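> Below are the sequence and a predicted model for it; my questions follow.
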Amino acid sequence: MIFQPEFETLERHALEALQLERLQALVERLRDANDIYRERLRGVAAPAALDDLAGLPFSTKVDMRDAYPLGLLAVPPEKLARIHASSGTTGNPTIGAYTAEDLRVFGEVMARSLAAGGIQPHDMFQVAWGYGLFTGGLGAHGGCETLGACAIPASSGNTARQLQLLCDLPVIGIGATPSYALVLAERLRAENRRPKALEYAICGAESWTREMREELEELFGVVATNIYGLTEIIGPGVAQECLEKQGLHVQEDHFLAEIIDSDTGKPLPDGERGELVLTTLTREAMPVLRYRTRDLTSLVREKCACGRTTARIDWFTGRVDDMLVIRGVNVFPSAVEEVLLRFPELSPNYRIFVDRPPNGLDQMLVEVEHHADASIDDTDRFAEVVTGRLAETLLVSLQTRIVAPGTIERIEAGKAKRVIDRRTV
Ligand code: DLL
């Protein structure tokens, strides 16, 4: 179902005209309402065409941190209706502030996302992203209300209660991080229980691969789609796959997407992979101009078979900053996951350890669980085969350890942490 066809299927020329009008208004608003942006935009001409976007200044996570907590507001604080925040690993959290109108838009883009992922207004949807400062729980909750669906605010964690709700109530869809959806699916399988009515899982908030999607769909018995978003822009609902599963539709009337070369900052053509840059076209409280997400993907603008005309971003291959450099070779954790999951014997539960022994070369160890029903005669021999395949694809030497199901700790709340980098430098 398409929740707002008047925007989601708008002809591209009309969509681009709307984007330009909104971009021009945004630049004016930022100049008027925020000292930091006024300074940054000094001497910069107003965009006369969408292509002029490339001449506008970028914003980065560092800008957000420097302006902590409310330096980037474009409305008086009395107009705020809610604040979210993402924890981050160092320094100040990143604040996301919303007016009532921003919350209405958040509800709308999440309702579009849920509908694109298979949820209908008469359905029950279990929200298994965390409620609180994290945008996932309350964002999906607002989306259910805007769509007219019934929200079950389970939040993250409390796996026994999650399973009980899924088995007792006619829940059609669930929203969770992919790693937590997998925890739920594994527990159901281990306890030989079945959800009463579950058909769809909408997963996001952390990196995952198509290979992991296949595993999850098979284990959970659902159709799983990918949802993307970030606190700095609005939260989840910036982009969402439809059931055609051909990339994530960007809600382009609200968010303008570009792909740039992250070294040079220059725009890249459609289809080329680079860093995703997002501009909020309608945010009131904390609009953002050309935010460098550090997330790596590519963009296509052809119409999708579902009827939506909005641009689609491809599955992310990681973040600029999750790239590991092992003895000079760039390694993305998503590439490791892709190779592992091509082995039917292996499960999506894995970790990557990186060590730097004194005076030695960096060592990388991939630890992965095999499936409970996998038939592996000789684990050491099999580990060698996996090592060979990883080394051939990643062009780096490493070791692999195959471990029994349940060995690797499951994360029940928050995002999965797959890389343990123990190098001191
Ligand atoms: O993770 C918002 C969200 C909630 C998205 C629920 C989807 C579902 P942050 O905590 O600010 O916001 O983290 C944003 O998470 O820059 C990406 O690096 C990563 N991320 C989010 N969704 C995906 C995805 C929420 N589908 C950061 N695939 C982003 C890969 C994702 N990475």
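The structure has been received and is ready for your questions.
> what element comes up after the lengthiest strand in the chain heading to the C-terminus?
Criterion DSSP state E: the longest strand present in the chain is strand 346-355. Tracing the chain past strand 346-355, the next element assigned as helix or strand by DSSP states H and E is strand 363-370.
> Can you list the buried residues in that following strand?
Residues of strand 363-370 classed as buried: Gln363, Met364, Val366, Glu367, Val368, Glu369, His370 (neighbour count, 16 or more other CB atoms under 10 Å). Glycine gets a C-beta too; all of them are placed from N, C-alpha and C.
> try stretch 330-349
Neighbour count says stretch 330-349 has 331-341, 343, 345-349 buried, by 16+ other CB under 10 Å.
> What's the end-to-end length of it?
22 Å (CA to CA, to the nearest Å).
> and it with the ligand, contact?
No - Stretch 330-349 does not reach the ligand (CB under 6 Å from any ligand atom); its nearest approach is 8.5 Å.
> Spell out the residue ranges of the helices in the stretch 51-200 of the chain.
Applying DSSP state H, counting those that start in this stretch to the stretch 51-200 of the chain gives helices spanning 61-66, 100-116, 135-147, 159-168, 178-190.
> what distance separates the third one from the middle of the whole chain?
Here helix 135-147 is found 16 Å from its chain centre; the criterion is CA atoms, centre = their mean, to the nearest Å.
> repeat for the longest one
From the chain centre to the centre of helix 100-116 is a distance of 16 Å (CA atoms, centre = their mean).
> coming back round to it: which other helices and strands contact the longest strand of the chain?
helix 178-190, helix 210-220, strand 324-326, helix 333-340, strand 363-370, strand 419-421 (3 or more CB pairs under 8 Å, 6 or more residues apart in numbering; DSSP states H and E).
> now those as TSV including distance to Val62?
What follows is the helices and strands packed on strand 346-355, written out as TSV (distance: least, CB to CB, whole Å):
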stretch	distance to Val62
helix 178-190	28
helix 210-220	31
strand 324-326	21
helix 333-340	24
strand 363-370	29
strand 419-421	21
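> In TSV: these, plus mean pLDDT.
Putting the helices and strands packed on strand 346-355 into TSV (pLDDT from 0 to 100) gives the following:
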stretch	mean pLDDT
helix 178-190	96
helix 210-220	97
strand 324-326	93
helix 333-340	95
strand 363-370	97
strand 419-421	94
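> what comes up buried for stretch 279-286?
In stretch 279-286, counting by 16+ other CB under 10 Å, buried: Thr279, Thr280, Leu281, Thr282, Arg283, Glu284, Ala285, Met286.
> what's the most distant pair in those residues?
Thr279 and Ala285 (15.4 Å; CB to CB).
> Name the residues of the stretch 151-300 of the chain found near the ligand, please.
Applying CB under 6 Å from any ligand atom, we find that the stretch 151-300 of the chain lies next to the ligand at 204-207, 226-231, 235-236, 293, 295.
> Tell me which of these fall in strands.
Among these, the members found in strands (DSSP E) are Gly204, Asn226, Ile227, Tyr228, Gly229, Leu230, Gly235, Pro236, Thr293, Asp295.
> which one of the residues you listed sits closest to Gln246?
Distance to Gln246, by CB to CB, is smallest for Asn226 among those, at 11.1 Å.
> what ranges of this structure fall below the confidence cut-off?
Along the chain, the model assigns pLDDT under 70 to residues 88-90, 424-425.
> ok, and the closest non-adjacent residue to the residue sitting nearest the centre point of it?
Nearest to the geometric centre of the chain sits Tyr228, at 3.5 Å (CA atoms, centre = their mean). Spatial nearest neighbour of Tyr228, chain neighbours left out: Ala239 (4.5 Å); criterion: CB to CB, 6 or more residues apart in numbering.
> can I assume that neighbour sits in a helix?
No - the assignment for Ala239, made by DSSP: H, G, I helix; E, B strand; the rest coil, is strand rather than a helix.
> roughly how far apart are Met364 and the ligand?
Relative to the ligand, Met364 is positioned 22 Å away (CB to the nearest ligand atom, to the nearest Å).
> doesn't Pro333 make contact with that residue?
No - using CB atoms under 8 Å as the test, Met364 is too far from Pro333 to be in contact (10.7 Å).
> any common contacting residues for those two?
Contact criterion CB atoms under 8 Å, 6 or more residues apart in numbering; residues shared by Met364 and Pro333: Leu324, Ile352.
> per-domain residue ranges of the chain.
77-319, 324-421 (automatic domain parsing).
> For my notes, please list those in TSV and give distance to Leu50 for each entry.
Listed next are the domains of the chain as TSV, based on distance: least, CB to CB, whole Å:
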stretch	distance to Leu50
domain 77-319	8
domain 324-421	30
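> Just name the most buried of these.
Sort these by mean neighbour count, taking mean count of other CB atoms under 10 Å, and domain 77-319 sits at the top with a mean of 20.
> how long is it from one end to the other?
With CA to CA as the measure, domain 77-319 spans 33 Å from end to end.
> Likewise for stretch 24-40?
Stretch 24-40 has an end-to-end distance of 16 Å (CA to CA).
> Quick check: buried residues in it?
Leu26, Val27, Arg29, Leu30, Arg31, Asn34, Tyr37, Arg40.
> right, and out of those residues, which lies closest to Leu166?
Leu26 (41.9 Å).
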